[in-house]
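S.K.: My questions concern the predicted model and sequence given below.
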Amino acid sequence: MSGVRPFPRKTAAAIAVVGIVGLCAARKASLRNEAFAESPKPCGGPGGLGGRGGPGGRTGFHTLRLESSIQVNDNTKRLRFQLPDPASNAGLSLTSFILTFHKPKDAWFPVIRPYTPINNLDEPGYIELLVKKYPNGRASGYLHSLQPGDTLNIRPMSSYKWKTNEFEHVNLIAGGAGITPMYQLIQGMLNNPDDRSKIKLIFGVNTEKDLVMKKELDAFEQKFPDRLKVVYRVSDPVEGSPFAKGRVTKELLEKELLGPKDSKTTKVFLCGSPAMEAAIFGSKGWISSQKGALEELGYAADQIHKF
Ligand SMILES: Cc1cc2nc3c(=O)[nH]c(=O)nc-3n(C[C@H](O)[C@H](O)[C@H](O)COP(=O)(O)OP(=O)(O)OC[C@H]3O[C@@H](n4cnc5c(N)ncnc54)[C@H](O)[C@@H]3O)c2cc1C
């Protein structure tokens with residue numbers, strides 16, 4: 001049990017209450033805890049994050065200890081946290097994420113945010129996050145301030161039930177730090193010998209330095225040339241950049257997305273900035289609503305999952 005301890009019951013109950021209030025206000029109000037149901041390799045040992053009845057008790061809350069924090073570029077860090085049992089994996093299913101909780105000194109309510117583990121979920125002993133820090137970002141600033149040995153309160157979650165080979169064509173659209181859920185999915189699919197789906201990732205960033213995880217993506221693309229293709233777009237590239245300049249537009253999606261638009265065998269996953277998601281997925285407001293590029297291209301709502 002090095003480095004990790006489940007929450008005391010009272011603390012967990014208090015956070016659960018506050019967490020529910022916070023979650024209701026959050027963008028992801030509809031998140032359901034379906035984690036672990038589809039896990040290709042559920043955590044058998046007592047040291048994973050488990051679900052109900054796991055080491056976090058009925059609430060599923062945990063306190064993890066930070067093992068290392070590595071700066072990846074000027075605004076992004078890779079944070080590795082120890083699991084309760086170094087011999088067990090986290091027991092998370094594909095498309096899982098964790099909610100992080102911290103209470104700033106002068107705040108009434110905790111700050112609750114989702115982050116996506118990017119490590120191979122079958123590997124034992126740790127989870128790893130890639131966190132981009134936003135100016136005045138409450139959670140990202142806090143996570144960047146953590147030092148090895150510090151602890152973080154978390155709860156595992158999942159918003160989507162992943163089923164191997166449910167789709168022939170899996171399209172992933174990522175903007176900036178939105179690469180993390182896509183990378184988790186790519187890694188899980190390509191490491192699963194039973195999985196046959198073809199994957200297209202469209203990754204849009206502001207500048208080249210934001211192309212985090214590119215080395216890992218290149219390695220997967222080389223190892224699985226018939227399964228994975230990655231298209232990069234950089235909106236503000238340096239002169240002579242090898243990457244195509246531009247944003248992820250409707251025209252780009254029309255050209256690049258895999259599979260027939262009107263087929264249940266084609267799926268699109270999306271994670272990016274609020275502006276990018278509004279442009280691609282659409283937005284509904286009190287005063288006006290905006291159609292997204294995917295809808296305009298003919299994709300049905302149930303073909304699209306927004307993380
Ligand atoms: C399912 C899911 C998984 C996620 N996984 C990750 C992950 O693995 N790594 C990661 O770094 N982030 C991830 N995020 C985003 C993360 O949850 C936070 O939204 C992000 O870190 C900002 O939180 P904050 O408290 O630091 O910023 P806040 O205090 O909420 O906001 C600070 C400022 O940053 C701006 N801002 C906040 N979020 C964004 C954004 N996405 N794009 C542009 N500007 C923004 C705000 O408008 C505001 O001006 C994920 C989001 C979802 C929904």
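M.R.: Now that the structure is in, tell me what you want to look at.

S.K.: Residue in the stretch 101-250 of the chain with the shortest distance to the ligand?
M.R.: residue 137 (2.4 Å; CB to the nearest ligand atom). C-beta here means a position set from N, CA and C on the backbone, and glycine is covered the same way.

S.K.: what's the distance between residue 297 and residue 254?
M.R.: 6 Å (CB to CB, to the nearest Å).

S.K.: check which helix or strand covers the residue positioned nearest the centre of the chain.
M.R.: The residue lying closest to the centre of the chain (CA atoms, centre = their mean) is residue 181, at 2.9 Å. Assessed by DSSP states H and E, residue 181 sits inside helix 179-190.

S.K.: Mind checking the pLDDT average for that helix?
M.R.: For helix 179-190, the mean pLDDT works out to 98.

S.K.: quick one, whatever helix or strand comes next after that helix and helix 179-190 angle?
M.R.: Next helix or strand after helix 179-190 toward the C-terminus (DSSP H and E): strand 198-205. Here strand 198-205 runs at an angle of 160 degrees relative to helix 179-190 (axes from the mean of the first three to the mean of the last three CA atoms, to 10 degrees).

S.K.: how big is the angle separating whichever helix or strand comes after strand 198-205 from strand 198-205?
M.R.: Sequence order places helix 214-223 as the next helix or strand after strand 198-205, per DSSP H and E. Going by the same axes, to 10 degrees, helix 214-223 is angled at 160 degrees with respect to strand 198-205.

S.K.: so how far is helix 214-223 from its chain's centroid?
M.R.: 18 Å (CA atoms, centre = their mean, to the nearest Å).

S.K.: Show me what the helix or strand following that helix is in contact with.
M.R.: Proceeding N to C from helix 214-223, the next assigned helix or strand is strand 228-234, under DSSP H and E. With CB atoms under 8 Å, 6 or more residues apart in numbering as the test, strand 228-234 has contacts from 186, 190, 198-208, 210-211, 214, 217, 220-221, 241, 243-248, 252, 256.
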